[in-house]
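A.B. asks: What shape does this take:
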Amino acid sequence: MDISKNKLEEACLKGIISEEQAENLLKFFTENNQNTEERQKFNIETVLYYGGSIIALGAMAYYMHDLVTSSTYGFILLLSIIYSLVFYFAANYMWKKENKTPAGLLYILFMFSVSYIVLVITKMTGVYPKFSEAHNYTDFFAASKPALYTIFSLTLIASIVLIKKRPLSILTLPVIASLYSICYLFIPDIFDKLIVKHHHGELYYGILFSCILIAAAFKNDKLYSIDYSKWMYIAGSLILYYCFTDFSYIFFGIDGHNYVNRIVLLIFNIIFILLSIILRRKIFLLLGGIGFFGYLVSLEISLLTSVKADSLIKISCIIITGLLAVFAGNLYNRNIKKIEAAAEKILPAKFRKNLPKYR
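C.D. replies: Numbering: from 1, shown residues only. Got it, this is the predicted structure:
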């Protein structure tokens with residue numbers, strides 16, 4: 001039986017338990033079930049689910065590449081419809097069997113098929129201009145916008161309808177992807193000089209979108225019995241990490257005598273680690289931890305190379321750094337509760353009150 005915040009609040013309203021008891025009960029069930037749920041989720045079955053879905057997505061991406069130059073749109077439309085029906089009914093079957101992980105992945109494949117159907121229709125109707133005629137347009141991207149708006153808008157609507165019918169956290173991914181694409185088309189129309197004509201404007205947009213996405217995830221964190229914020233945090237952190245890293249390389253650069261870029265990225269990764277402690281989301285710890293020790297080793301090598309240190313010294317320093325990473329991980333794991341409590345005390349009272357209650 002699932003014990004959710006909504007069910008305990010209902011028990012409070014009926015006078016069965018007090019609000020304090022509800023909070024303690026939910027905290028107890030959350031903490032005790034966390035490790036069990038993680039063990040159940042991360043196994044060979046889950047790896048096969050995600051691995052198979054990635055293979056299918058890769059095949060569909062290749063299929064989309066062929067679509068660009070194909071003229072047999074009628075056959076491709078029929079094939080897309082068949083794919084969508086197969087994925088949808090397979091997902092429904094898994095849903096009825098309460099296998100929610102494969103069901104969610106199959107629903108995502110269904111949404112990709114729906115996007116392809118709309119894409120083929122825009123190609124057939126001429127709304128999406130042919131790539132072979134790109135030389136006839138002064139701005140091919142602008143000419144493609146009506147078709148792109150149609151594809152992403154209909155995909156967004158279909159994704160929202162689907163997530164209401166099948167409340168699965170992973171279904172936030174097609175919603176996020178559609179919103180990102182629509183905003184990428186919409187924002188440049190408003191801030192033309194800032195986004196499109198500015199060199200590397202896509203990085204500014206990516207950082208802005210990822211920050212908004214993480215803020216939205218924080219705002220909705222643990223408000224529902226289903227963790228919709230999970231994939232918002234994952235997508236937002238990955239976009240932010242990629243864009244900021246690229247941004248740092250471009251604007252600070254790397255050469256044999258310049259360590260500013262590495263130091264900036266070290267600080268950025270430390271911020272990610274701190275976010276993982278405050279928000280208790282492992283994606284920030286994963287990215288921040290790997291990035292921190294990776295750039296620390298890179299900085300060590302650069303410094304040792306600049307002073308012409310012996311190869312043995314270089315190897316010894318890298319080994320010591322690796323051992324420090326292992327011991328740091330062990331220390332963090334043994335003292336995680338104390339570290340989280342200490343981090344919360346440092347935060348301003350106003351910010352602490354807005355933290356998700358049941359993290």
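A.B. asks: so where does the nearest residue to T321 once chain neighbours are set aside fall, helix or strand?
C.D. replies: In this structure, T321 finds its nearest non-sequential neighbour in V297, 5.6 Å apart by Cβ to Cβ, 6 or more residues apart in numbering. C-beta: built from backbone N, CA, C; applies to glycine. V297 belongs to helix 282-306 when assigned by DSSP states H and E.
A.B. asks: what distance separates that helix from the centre of its chain?
C.D. replies: Centre-to-centre, helix 282-306 and its host chain are 22 Å apart (Cα atoms, centre = their mean, to the nearest Å).
A.B. asks: what's the burial count for K164?
C.D. replies: Residue neighbour count, defined by other Cβ atoms under 10 Å, stands at 9 for K164.
A.B. asks: Kindly report the same for the one 5 residues further on.
C.D. replies: Each residue near S169 was counted by other Cβ under 10 Å, and the total is 17.
A.B. asks: Pull up the per-residue confidence for it.
C.D. replies: Per-residue confidence (pLDDT) for S169: 89.
A.B. asks: check contacts around Y332.
C.D. replies: For Y332, the contact set (Cβ atoms under 8 Å, 6 or more residues apart in numbering) comprises I339.
A.B. asks: Report the secondary structure state of it.
C.D. replies: helix (DSSP: H, G, I helix; E, B strand; the rest coil).
A.B. asks: Over to S80?
C.D. replies: Going by three-state DSSP: S80 is helix.
A.B. asks: pretty sure it contacts K123?
C.D. replies: No - counting by Cβ atoms under 8 Å, K123 is not a contact partner of S80; they are 11.3 Å apart.
A.B. asks: Looking at these two, which has the bigger crowd around it?
C.D. replies: A direct count of neighbours by other Cβ under 10 Å for S80 and K123 places S80 higher, at 25 against 20.
A.B. asks: For the more buried one, give its distance to S159.
C.D. replies: Going from S80 to S159 by Cβ to Cβ, to the nearest Å gives 17 Å.
A.B. asks: so what's the spatially closest residue to K314 that is not a sequence neighbour up against?
C.D. replies: In space, and not counting its chain neighbours, K314 is closest to L304: 5.1 Å by Cβ to Cβ, 6+ apart. By Cβ under 8 Å, 6+ apart, the residues touching L304 are I313, K314, C317.
A.B. asks: Any figure for the gap between L304 and F327?
C.D. replies: 22 Å.
A.B. asks: Okay, helices next: where are they in the stretch 201-350 of the chain?
C.D. replies: All helices of the stretch 201-350 of the chain, identified by DSSP state H, counting those that start in this stretch, fall at 201-219, 229-252, 260-279, 282-306, 311-334, 336-346, 349-353.
A.B. asks: now do the stretch 1-150 of the chain
C.D. replies: Going by DSSP H, counting those that start in this stretch, the stretch 1-150 of the chain shows helices at 5-13, 19-41, 44-69, 73-96, 100-125, 140-165.
A.B. asks: And these, which one averages the lowest pLDDT?
C.D. replies: helix 19-41 has the lowest average pLDDT among those, namely a mean of 57.
A.B. asks: quick one on the thing from earlier: just the buried subset of the contacts of L304, written out for PyMOL, thanks.
C.D. replies: In PyMOL syntax, the buried subset of those is picked out as below (16 or more other Cβ atoms under 10 Å):
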select buried, resi 317
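A.B. asks: Of the contacts of L304, just say which sits nearest to K164.
C.D. replies: Checking the contacts of L304 against K164 with Cβ to Cβ, the nearest one is C317 at 54.8 Å.
A.B. asks: Not counting sequence-adjacent ones, nearest residue to the closest one?
C.D. replies: Closest residue to C317 apart from its sequence neighbours, by Cβ to Cβ, 6+ apart: E300 at 5.3 Å.
A.B. asks: List the contacts of the one you found.
C.D. replies: K314, C317, I318, T321.
A.B. asks: The last one touches L296, doesn't it?
C.D. replies: The reference is to T321. Yes - between T321 and L296 there is a contact at 6.1 Å, judged by Cβ under 8 Å.
A.B. asks: if we can go back for a sec, identify the residue with the minimum pLDDT among the contacts of L304.
C.D. replies: Lowest pLDDT among the contacts of L304: K314, 75.
A.B. asks: how near is that residue to V307?
C.D. replies: 11 Å.
A.B. asks: so what's F209 up against?
C.D. replies: F209 neighbours (Cβ under 8 Å, 6+ apart): Y180, C183, I239.
A.B. asks: quick one on the thing from earlier: and T321 and L296? which has more neighbours close in?
C.D. replies: Comparing T321 with L296 by other Cβ under 10 Å, the one with more neighbours is L296, at 18 against 14.
A.B. asks: then stretch 297-316 to CSV, C-alphas only?
C.D. replies: C-alpha atoms of stretch 297-316 as CSV (Å, rounded to 0.1, in the frame of the first residue of the first chain):
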residue,chain,number,x,y,z
VAL,A,297,43.3,16.1,-11.6
SER,A,298,43.5,18.3,-14.8
LEU,A,299,44.6,21.3,-12.7
GLU,A,300,47.2,19.1,-11.0
ILE,A,301,48.6,17.9,-14.3
SER,A,302,48.8,21.4,-15.6
LEU,A,303,50.6,22.7,-12.5
LEU,A,304,53.1,19.8,-12.4
THR,A,305,53.8,20.1,-16.1
SER,A,306,54.4,23.9,-15.8
VAL,A,307,57.1,23.2,-13.1
LYS,A,308,58.5,20.2,-15.2
ALA,A,309,57.8,17.7,-12.5
ASP,A,310,58.9,14.1,-13.0
SER,A,311,56.5,11.6,-14.4
LEU,A,312,56.6,9.5,-11.2
ILE,A,313,55.5,12.6,-9.1
LYS,A,314,52.6,13.2,-11.5
ILE,A,315,51.4,9.6,-11.2
SER,A,316,51.8,9.7,-7.4
